[in-house]
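[1] The following comprises the amino acid sequence and a computationally predicted model.
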Amino acid sequence: MKKLLIHFLTVLTVALLSTSCAGFKKQEIKLREFSREDENLARTKAAVFAEAFIQALKNNDFAIWQKHLPASPSPEKQITGEKFTAMRRELLDHFGTFVSGRYLGDITDGNLRTYLWKLTFSGKKQDKNVIHEIIYFVRVFCEEGKPPTISRFGVKLL
């Protein structure tokens, strides 16, 4: 079961939750350094996006998150209500009841920023209460002449 879940989360992260990064190879986007203003805007944009995802996950309401999704480079990678429902069901089936999401911090990698949230779930295993925690990430970049943009997002098991 764990191998299946890891496979699912990998596919989910790469296929469903990858957005404009898929276009990097075709478009050759030139990234620029983050200014102080960009840092604040990127952190705010990531926070609004992640908090909308957390609320959508908690309330089973895709519309909360949908309005914050970046444009998808192709229709097959677009996140739909059905894809969100399937992803949410898989998370809840494996990890249990969603409890909370909490911001952890950010990681700098050159001209990319990755913001991290801890998602906590509560479940039962062999009649014992078990807590499961996973990472939800939002990656942001700055393209020449444009404000910070979300490029990827998804979940990671550690």
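    Arrived safely. Residues are numbered from 1 along each chain as shown.
[2] Let me see the ranges of the strands in this protein.
    97-109, 112-125, 128-142, 148-156 (DSSP state E).
[3] now the residue of the chain most remote from its centre: how far from T120?
    Residue farthest from the centre of the chain, counting by CA atoms, centre = their mean, is D127 at 31.0 Å. Counting by CB to CB, to the nearest Å, the separation of D127 from T120 is 20 Å. Every residue, glycine included, has its C-beta placed from N, CA and C.
[4] quick one, longest helix in this protein?
    Counting by DSSP state H, the longest helix found in the chain is helix 36-59.
[5] buried sites along it?
    Under the neighbour-count criterion of 16 or more other CB atoms under 10 Å, helix 36-59 has 38-39, 41-43, 45-46, 49-54, 56-57 buried.
[6] Just the closest of these to Y115, please.
    Taking CB to CB as the measure, Y115 lies nearest A46 of the buried residues of helix 36-59, at 3.9 Å.
[7] I'd like the distance between the closest one and K125.
    In terms of CB to CB, A46 sits 32 Å off from K125.
[8] try L92
    Taking CB to CB, one finds L92 at 15 Å from K125.
[9] When these two are compared, which one has more neighbours?
    Ranked by neighbour count (other CB atoms under 10 Å), L92 and K125 place L92 first, with 15 against 9.
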